[in-house]
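**Student:** Give me coordinates for this.
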Amino acid sequence: MRPKIIAGNIYHVLNRGVDKRKIFLDESDYVRFIHDLFEFNDTSRVFNFGYFVKKSNSIAVGQRYIEKDKKPRKLLVEILAFCLMPNHYHLLIKPKIDTGASEFIKKLNGGYSQFFNNKYGRSGALFQGKYKAIPATKESHFIHLPYYIHMNPLDLKFPEWRNREINNYKEIMSFLENYRWSSFMDYIGKKNFPSVTQREFLNEFLGGPEQYKKDTIKWLKDIDLKQIDDLTLES
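**Tutor:** Numbers count the residues shown, from 1 in each chain. Below is the predicted model of the structure:
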C-alpha cells in the first residue's frame, strides 16, 4: 500500500513499463521524457501535444516551445534526483503541496504515454499500474538513496556491482559520468540537464560535486544492498 504523500517530505518513486516492457526505445524518447520532467512540473495546465523537443541535447531541455512568454513555473514537486532505465524510472522528489506528487506523476505518465503511443502506433497503458513510493524519513535514507538511484545504470554494463564484485572503478566512474539519462552528471559538476532538478538540498547534504564523486566510489565498495531492500522498490 502506497504511503500517504505529504508536502515537505521526501519520497523515492518508481514506475515501470507494463509487463516490464521498454518505455525508452531510442535517444529521443529519453530526451522527451526528461523534457516532460521539466514541463509537467507546474501547477498550471500544460499542453503536451503542442511542443516537441528539437534537439537531443541538454540545452533544449528547459526551453519552452509553446509559449515563449509563459510565466515562471509554480512547481508541484522538487525533483531532487532522477534516473531513467530502459523499462523504468526512479525519482527522488519533495512535493510542494499534498497533491503534488500524484498530480505530477499523472501528468508525466499520461503525457509521455500519449507521445510514445503516437510515435510507435500502439494503444493502451504504457506504465504498470500506480507508481510505487516510499518515504525517506531517516538520515540513513539520504545516505543511500541518491547513490542507489544514480548507480542503477550500472546494471546495463556492470551488473556485478550489486554483489560488490567491481574490478575497475575508473571504468565504472567513466561510465556513470557519461550516462546522460540521470541527474548524476549535474551532481558531479558536469552540466547535463540542470534545469530539471532542484539540487540545493542534496548538494549541501552530500558535500558538493568533488566530495560526491569520492563518496560514490566509497559507497560502491561498502554497500550491502540487502541492508536497503526496503528503500529500493524494485521487488
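**Student:** And the strands in the chain?
**Tutor:** 10-16, 77-85, 88-95, 132-136 (DSSP state E).
**Student:** Okay, now the sheet partners of the shortest one, with direction.
**Tutor:** Right, strand 132-136. In the sheet containing strand 132-136, its partner strands are strand 10-16 (antiparallel), by DSSP bridges.
**Student:** give the contact list for S182.
**Tutor:** Contact analysis of S182 by C-beta atoms under 8 Å, 6 or more residues apart in numbering lists 81-84, 149-150, 152-153. Backbone N, C-alpha and C define where each C-beta goes, glycine included.
**Student:** Domain boundaries for this protein, per the record?
**Tutor:** Listed by automatic domain parsing, the domain ranges of the chain are 10-133, 138-192+200-232.
**Student:** measure the closest residue in space to I10 that isn't next to it in sequence to K119 for me?
**Tutor:** In this structure, I10 finds its nearest non-sequential neighbour in A136, 4.4 Å apart by C-beta to C-beta, 6 or more residues apart in numbering. Taking C-beta to C-beta, to the nearest Å as the measure, A136 falls 34 Å from K119.
**Student:** the more surrounded of the two?
**Tutor:** A136 (20 against 13; other C-beta atoms under 10 Å).
**Student:** I'd say the more buried one and G8 touch.
**Tutor:** No. Using C-beta atoms under 8 Å, A136 makes no contact with G8, being 11.9 Å away.
**Student:** still on that earlier bit, contact partners for the residue nearest to I10?
**Tutor:** 9-12, 92, 142, 145, 231.
**Student:** Centroid-nearest residue for the chain?
**Tutor:** F82 (1.9 Å; C-alpha atoms, centre = their mean).
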